[in-house]
Structures are given as C-alpha cells and as structure tokens.
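Novice: Build me a model:
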Amino acid sequence: MNILLPTSKIVRLPVVAVNAGEDVAEVKDIIYSPEAGRLLGFTLNKRGFLKGRMKEVLPAEHVRAVGDAAVMIQDDTCLVAPDAAPDEVANPAGNRNVLGNAVVTEKGVKLGVVSDLILELGDSLAVVGYQLKADDGRERFIPLPAQLAVSGEALVVPAATEEFVHDDLAGFGAAVDDFRARLAS
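Specialist: Residues are numbered from 1 along each chain as shown. Next up is the predicted model:
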C-alpha cells in the first residue's frame, strides 16, 4: 500500500519544476470526476508578490509526484493554457464537487457527509476513497469505487460498503486493499 493523503493537504502546496528547482505555482483547487472516481488535475494560483489565480491549469498526467511539501512537475511547460488542456480540466463542471454530499447505502443507511477525498500517492495519483464526517462527529473513510450513483447532493453506495468503513486512515489502507480484492474476485 502506498501513502494515503487527504486532498485538503495538497491545496496551497507549491508546484515545483524539477528541472529548475523553482516554485512555479501553488495548488488552488482539486479537479475531480466523481463519475469516474479519478483526479483530473488542479487549478493554480501564482506564487510570490503577485499572488492570484493563474489562467493555466495542471492536468494530473503532468504531475511527476506529490509529497507532503510539494507537487512536482518536470518543468513549467506542464502548466497548460485552458485552450490546450483537456476540456474536463479546462472547464470543470460545476456539479462535480462531492464535498458536503451525503453518502447513503442502497438500503438507506447514511454513512456520513463527504469532507475530503483520499489520494493514494505512488506511481500515479489515484483517488481511493472518501473521508466522511458522521452524524456523531466522527471521521470515517470509505473506499472507491463504491458509488452506484452521484447526484450532486448524495452518493449512493452498495450496502456492502459498510463493512469497509474505517475510523482511521491507517486502517483504511487495509480496507482499500480488501475492497479491491473483493472486486477482483
């Protein structure tokens, strides 16, 4: 299992060009497709004195690595003008934000409300689950691809998802592996 990281820890990280060792941008927002369950890219802010939103975006396939201190790219040509970026990155749909959506099983059990996405860092950036806030205030984690439907207000997941819910990120890593094994069989 690779390292798991909530996407909220990536927002405001510097984007560093490996070839020059310089901060070329800062992560502003995560662009995510809940239908596909995958990270598409990032919107960006300028760094330094002239801070503010950049026109350029960073498609996920241009990211070399993500760590707890920076998002690494090869060079500043990885930052793409909207007209040259994939449409889903350049013009993300406004209804893609799953944060704040209720997560309900197909049997009508509410598991919580989405508070973050969980990324698996490694050879690729993969969204492996959701962090939820339960009605009792506890944090919970569920693996992907578990959803049956995404409406903009709720995610409907299979009832079997309940057995893979974990209260800590460390135990969640094992749940993702178990969930993947069950899907493969």
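Novice: List the contacts of P14.
Specialist: Applying Cβ atoms under 8 Å, 6 or more residues apart in numbering to P14 gives the contacts D23, A25, E26, R47, A69, A70, V71. Where you see a C-beta, it was placed from the backbone N, CA and C, and this is true even at glycine.
Novice: Tell me the buried residues within the residues you listed.
Specialist: Using 16 or more other Cβ atoms under 10 Å as the burial test, the contacts of P14 include A25, E26, A70, V71 as buried.
Novice: which ones among those residues are found in strands?
Specialist: Among these, the members found in strands (DSSP state E) are A25, E26, V71.
Novice: okay, the residues you listed in CSV with pLDDT next?
Specialist: Listed next are those as CSV, based on pLDDT from 0 to 100:
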residue, pLDDT
A25, 95
E26, 95
V71, 94
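Novice: Tabulate these in TSV, adding columns for distance to D135.
Specialist: Below are these laid out as TSV (distance: Cβ to Cβ, whole Å):
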residue	distance to D135
A25	38
E26	35
V71	34
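Novice: right, and out of the residues you listed, which lies closest to L144?
Specialist: L144 lies nearest to V71 out of those, by Cβ to Cβ, at 21.3 Å.
Novice: That closest one contacts F42, correct?
Specialist: Yes - look at V71 against F42 with Cβ atoms under 8 Å: they come within range, at 7.3 Å.
Novice: joint contacts of these two?
Specialist: Going by Cβ under 8 Å, 6+ apart, residues that sit against V71 and also against F42 are I10, V15, V27, L58.
Novice: Just the strands from this protein, written as ranges.
Specialist: Using DSSP E, strands in the chain cover 3-6, 14-17, 22-33, 38-45, 53-59, 63-66, 71-73, 102-105, 110-121, 126-133, 139-143, 149-150, 154-157.
Novice: mean pLDDT lowest for which of those strands?
Specialist: Among the strands of the chain, strand 149-150 has the lowest mean pLDDT, at a mean of 68.
Novice: okay, now the nearest residue to P82 once chain neighbours are set aside: neighbour count?
Specialist: Closest residue to P82 apart from its sequence neighbours, by Cβ to Cβ, 6 or more residues apart in numbering: A90 at 3.9 Å. Neighbours of A90 under the rule other Cβ atoms under 10 Å: 19.
Novice: Was I right to think A90 contacts L58?
Specialist: No - using Cβ under 8 Å, A90 is not in contact with L58; the gap is 11.2 Å.
Novice: And the buried ones among the contacts of P14, which is closest to V165?
Specialist: Distances from V165 to those, taken as Cβ to Cβ, are shortest for V71 (29.3 Å).
Novice: I'd like the distance between that closest one and K9.
Specialist: According to Cβ to Cβ, to the nearest Å, V71 and K9 sit 11 Å apart.
Novice: still on that earlier bit, tabulate the contacts of P14 in JSON lines, adding columns for distance to V63.
Specialist: JSON lines is the format used below for the contacts of P14 (distance: Cβ to Cβ, whole Å):
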{"residue": "D23", "distance to V63": "15"}
{"residue": "A25", "distance to V63": "12"}
{"residue": "E26", "distance to V63": "14"}
{"residue": "R47", "distance to V63": "17"}
{"residue": "A69", "distance to V63": "14"}
{"residue": "A70", "distance to V63": "11"}
{"residue": "V71", "distance to V63": "6"}
